[in-house]
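> Generate a structure from the sequence data that follows.
(one chain, ligands or ions: 1)
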Amino acid sequence: MRLTELLKSDEVTISCELFPPKQGAQLENYKKIVKEMADLKPAYMSVTYGATGGTSDYTVELANEVCNVNHIPALAHLTCASSTKEKVASVIAELKEHKIENILALRGDIPQNAEFPLPDQYKHASELIADIKAQGDFCIGGACYPEGHPEAQTIYEDLDHLKEKVDAGCEFLTTQMFFDNNILYNFMYKALKKGIDVPIVAGIMPVTNAAQIKRITSLSGNMVPPRFLAIVDRFGENPEAMKQAGIAYATEQIIDLIANGVNHVHIYTMNKPDIAGAILDNLSQIYVRK
Ligand code: FAD
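Below is the predicted model of the structure:
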């Protein structure tokens, strides 16, 4: 199923994210996680591609497991900063072969100490999006950054480039995580003013341990509201309490989003079906699973 069919309707969707294993030996265990996550009946499941822009050998295989074995729509991520155009084309061909229709097209992080872009590489996600469109009938999504991408000088410059992505064929956007919903509402207003009118899926990260928040803020420069920092300060040393508080905080964020008309939420579930399940249970009358 093309995700735009879901995202253009007013029905609430809650989707989940998985990451693939680094080694093939772990694949069977990861397939069990896919099944556990699929049993929770998310609207769709995305599978990341590598980490910090790297390549991935198992994204297509796990996305195949999501849609062709567990019958949940799959969104396969694809980054290009660490790949040649030829390598990207081979992944696109594999996706086509497995009838995986939805791609989240990303540049990825630029590899450190590498010359970028080389002549046979894509420079921006917008170039990748245009080429995916030329190579098949895919439903293509892209990333957006409510607090601005860390490389952008201003949010307005970032929005100009976001508009280029949409003009290149990006049919929906998924946001970077944020911990204060007002940041998203503000961003959506600015995006609409720029003429960016594709569905925007709000990315929510349940932070369930104290180390996670330090890693996240150093990687993405996210603003963390004092209310959330107080939770980490109070419960950070108590793993079970921190997990419960993180689930409650993410649940509250999602309820506020839906109450304010943001109907599509993607949970960065980090391969943890127990956390995804707890949030979905908290929302059982708001997101009715089919
Ligand atoms: P782009 O859209 O190309 O933007 C990157 C920067 O370049 C921005 O600052 C933008 O303003 C600027 N820019 C864009 N076009 C131009 C132009 N024409 N001229 C000048 N500047 C321009 N990483 C992974 O490795 N694997 C994943 O699976 C993955 N999944 C992600 C999912 C989501 C929802 C998000 C939000 C991020 C994800 N990332 C992933 C991280 C992502 O790869 C990085 O944030 C990366 O640095 C940027 O990728 P992009 O596609 O947003 O790049």
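> shaky segments in the stretch 151-290 of the chain?
219-220 (pLDDT under 70).
> got the residues of it near the ligand?
Glu151, Ala152, Asp158, His161, Glu164, Lys165, Thr174, Gln176, Gly203 (Cβ under 6 Å from any ligand atom). For glycine as for every other residue, the C-beta is placed from the backbone atoms N, C-alpha and C.
> tell me, how many neighbours does the fourth one end up with?
Under the neighbour criterion other Cβ atoms under 10 Å, His161 is assigned a count of 15.
> returning to that earlier point: what's the farthest-apart pair in the residues of the stretch 151-290 of the chain next to the ligand?
Glu164 and Gly203 (20.9 Å; Cβ to Cβ).
> rewinding a little: show only the entries of the residues of the stretch 151-290 of the chain next to the ligand found in helices.
Cross-referencing these against helices under DSSP state H gives Asp158, His161, Glu164, Lys165.
> Going along the chain, name the helices of the stretch 1-150 of the chain.
3-7, 27-38, 59-64, 85-97, 125-135 (DSSP state H, counting those that start in this stretch).
> which other residues reach the last one?
If you take Cβ atoms under 8 Å, 6 or more residues apart in numbering as the criterion, helix 125-135 is touched by 78, 80, 85, 88-89, 92, 96, 103, 105-107, 122, 138, 140, 142-143, 161, 164-165, 167-170.
> Just the buried residues from the ones in helices among the residues of the stretch 151-290 of the chain next to the ligand, in PyMOL please.
Buried subset of those, written as a PyMOL selection, criterion 16 or more other Cβ atoms under 10 Å:
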select buried, resi 158+164+165
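> Check this structure and tell me which residue is nearest its centre.
Geometric centre of the chain, nearest residue: Thr174, 5.7 Å, by Cα atoms, centre = their mean.
> ok, back up a step: for the ones in helices among the residues of the stretch 151-290 of the chain next to the ligand, which one is nearest Glu240?
Scanning those for proximity to Glu240, where the rule is Cβ to Cβ, the winner is Asp158, at 38.6 Å.
> need the residues of the stretch 1-150 of the chain near the ligand, please.
So far as Cβ under 6 Å from any ligand atom goes, the stretch 1-150 of the chain lies against the ligand at 48-53, 77, 79, 104, 106-109, 124-126, 143, 149.
> Spatially nearest residue to Thr59 (excluding sequence neighbours)?
Once flanking residues are discounted, Thr59 sits nearest to Tyr49: 4.7 Å by Cβ to Cβ, 6 or more residues apart in numbering.
> Is it correct that the one you found is in contact with Asp57?
No - in this structure, Tyr49 is not within contact of Asp57 by Cβ atoms under 8 Å, at 10.1 Å.
> which of those two has more neighbours?
Tyr49 (28 against 14).
> Name the nearest residue to Thr84, ignoring sequence neighbours.
Asp120 (4.6 Å).
> should've said Val34
Spatially, and ignoring its direct neighbours in sequence, Val34 is nearest to Glu65 (4.8 Å; Cβ to Cβ, 6+ apart).
> how close does the one you found sit to the ligand?
17 Å (Cβ to the nearest ligand atom, to the nearest Å).
> Thank you kindly, that will do.
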